[in-house]
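Engineer: okay, predicted coordinates and the sequence, questions at the end:
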Amino acid sequence: MAFIPGVGSIAPALLVAFATAALLAFALTPGVRRFSRAFGLVDRPDPRRVNVRPVPRAGGVAVAAAFLGVAIVVVILVDRGAIGSV
């Protein structure tokens, strides 16, 4: 008895997708950081903050873009039957 029936056929593809999204986020983060600094999207220090120098605030954009990009590719591949479906 499996926890989720049929997940065995897609589990390897999901692991690859997870690793791909993580690597893509890791690769995109420096570019987003530079963009954030260039356009002033930083958290400036003040008495209420912990940071002592400006910190870029748009890092989540790289993570979201990586997740959405990989998720779209996985959905397309499942729809075309290239990888198993749950």
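Structural biologist: Okay, I see it. Numbers count the residues shown, from 1 in each chain.
Engineer: can we go C-alpha only for contacts and neighbour counts from here?
Structural biologist: Fine.
Engineer: distance of Arg37 from Asp43?
Structural biologist: To Asp43, Arg37 is 10 Å away according to CA to CA, to the nearest Å.
Engineer: now the host helix or strand of Leu77: mean pLDDT?
Structural biologist: In this assignment (DSSP states H and E), Leu77 forms part of helix 59-80. When pLDDT is averaged along helix 59-80, the result is 92.
Engineer: between Arg37 and Asp43, which contacts overlap?
Structural biologist: Common contacts of Arg37 and Asp43 (CA atoms under 8 Å, 6 or more residues apart in numbering): Pro56.
Engineer: residues contacting Leu68?
Structural biologist: The contact partners of Leu68, by CA under 8 Å, 6+ apart, come to none.
Engineer: coming back round to it: tell me the buried residues in the helix holding Leu77?
Structural biologist: Using 16 or more other CA atoms under 10 Å as the test for burial, helix 59-80 gives Gly59, Ala62, Val63, Ala66, Phe67, Val70, Ala71, Val74, Val78.
Engineer: got a list of what the nearest residue to Phe67 once chain neighbours are set aside touches?
Structural biologist: Of all residues not flanking Phe67 in the chain, Ala21 sits nearest, at 5.6 Å (CA to CA, 6 or more residues apart in numbering). Taking CA under 8 Å, 6+ apart, we find Ala21 in contact with Val63, Ala66, Phe67, Gly69, Val70.
Engineer: and these, which is closest to Gly8?
Structural biologist: Minimum distance to Gly8 across those is 19.8 Å, recorded for Val70 (CA to CA).
Engineer: contact partners for the closest one?
Structural biologist: Each residue near Val70 by CA under 8 Å, 6+ apart is listed here: Ala17, Thr20, Ala21.
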